[in-house]
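*Asks:* following is a predicted model, sequence given first.
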Amino acid sequence: MGNKIHPNSVRLGYIHDWESKWFSLRDMPALIGEDFKIRNLVKQTFKMAAVSWVGIERAGSYLRVNIHTARPGVVIGKKGADIEAIRGQIENMTQRKTFINVMEIKEPELDSRLVAEAIAVQLEKRIAYRRAMRRAMERTMQSGALGIKVMVSGRLNGGEIARREWMREGRVPLHTYAADVDYGTAEAFTTAGLIGVKVWIFKKQLFVKSPKELLLMAKKDQQQQAPAAVIAPKGEAVAAAAAPAAPEVTPDANA
């Protein structure tokens, strides 16, 4: 059996970036625990705000928290009351001057964590898991994704024995590092027990590999750009005529 690696962690430093940006060898255990508490606080406070992930940056005695959400208005609250309240809680927890930025997610259908949470909410409302999975996959593919894979595991539909079911549409190349694969999880608390949801979304491929794809890109660039000059075989540039060539006139023999 193969070892299963987190799709986001294996791409860190290549096409994905870290969620926490700071460095301290001496205080690393304490700061990691602090990051965990901050993220839990934000998630618990804004359960209905569709918060995908929380970025944390540290510089000296300053702390910056970037909240990525699909509903920024819910996070900010009326006249910024909610965001000021959580800022005060974080400052009391960390004893640091805190700045909070709320960043909007333009396309929540392409965010794997939000898609997983949407499926989990439907499962808690006793909607059939296949219907919830199919509906989420259709919306993601319509938003421009190249592929999506959804897996649910637990006592599905109230069954006595837990099992695992998955569906896929398009392609999800997990072994290709250049493929931008977004991975997210969620949990549904049902009367039968806990049901886990995993979502993989293949958004795009960032780097071209094969020579064939390079040639296709070069042809597209040539078609988009107007031919300003033609390169002669000996390296001499010959200006291309912008107007169509005039018809050739043959001399009259009787003249």
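*Replies:* Right, received. Where do you want to start? Numbers count the residues shown, from 1 in each chain.
*Asks:* can you list contacts of the helix or strand containing Q44?
*Replies:* Assigned by DSSP states H and E, Q44 belongs to helix 28-45. Under the contact criterion C-beta atoms under 8 Å, 6 or more residues apart in numbering, helix 28-45 has outside partners 20, 22, 24, 51, 54, 56, 58, 65, 67, 82, 86, 89-90, 93-94. C-beta: built from backbone N, CA, C; applies to glycine.
*Asks:* so where is the protein shaky, pLDDT-wise?
*Replies:* Along the chain, segments meeting pLDDT under 70 span 1-2, 208-209, 226-255.
*Asks:* about what we covered before: please state the offset of the helix holding Q44 from the chain centre?
*Replies:* Centre-to-centre, helix 28-45 and its host chain are 22 Å apart (C-alpha atoms, centre = their mean, to the nearest Å).
*Asks:* show me the contacts for S143.
*Replies:* E107, E109, L110.
*Asks:* disregarding residues adjacent in the polypeptide, which is nearest to the last one?
*Replies:* Counting by C-beta to C-beta, 6 or more residues apart in numbering, L110 lies nearest to S143, which is 5.4 Å off, once chain neighbours are set aside.
*Asks:* phi, psi for the one you found please.
*Replies:* The phi/psi pair for S143 (degrees, to the nearest 10) reads phi -80, psi 0.
*Asks:* ok, residues contacting stretch 105-119?
*Replies:* Residues contacting stretch 105-119 (C-beta under 8 Å, 6+ apart): 50, 52-53, 68-70, 132-133, 136, 139-140, 142-145, 148, 150, 152, 182-186, 188, 197-201, 203.
*Asks:* buried set for it?
*Replies:* Judged by neighbour count using 16 or more other C-beta atoms under 10 Å, the buried positions of stretch 105-119 are 105, 108-119.
*Asks:* sec struct for F207, please.
*Replies:* coil (DSSP: H, G, I helix; E, B strand; the rest coil).
*Asks:* got the end-to-end distance for stretch 99-118?
*Replies:* End-to-end distance of stretch 99-118: 29 Å, with C-alpha to C-alpha, to the nearest Å as the criterion.
*Asks:* repeat that for stretch 141-157.
*Replies:* Using C-alpha to C-alpha, the end-to-end distance of stretch 141-157 comes to 26 Å.
*Asks:* buried residues, that stretch. List them.
*Replies:* Of all the residues in stretch 141-157, those buried under the rule 16+ other C-beta under 10 Å are M141, A145, L146, G147, I148, K149, V150, M151, V152, G154, R155, L156.
*Asks:* what's the answer for stretch 6-24, then?
*Replies:* P7, N8, R11, I15, H16, E19, S20.
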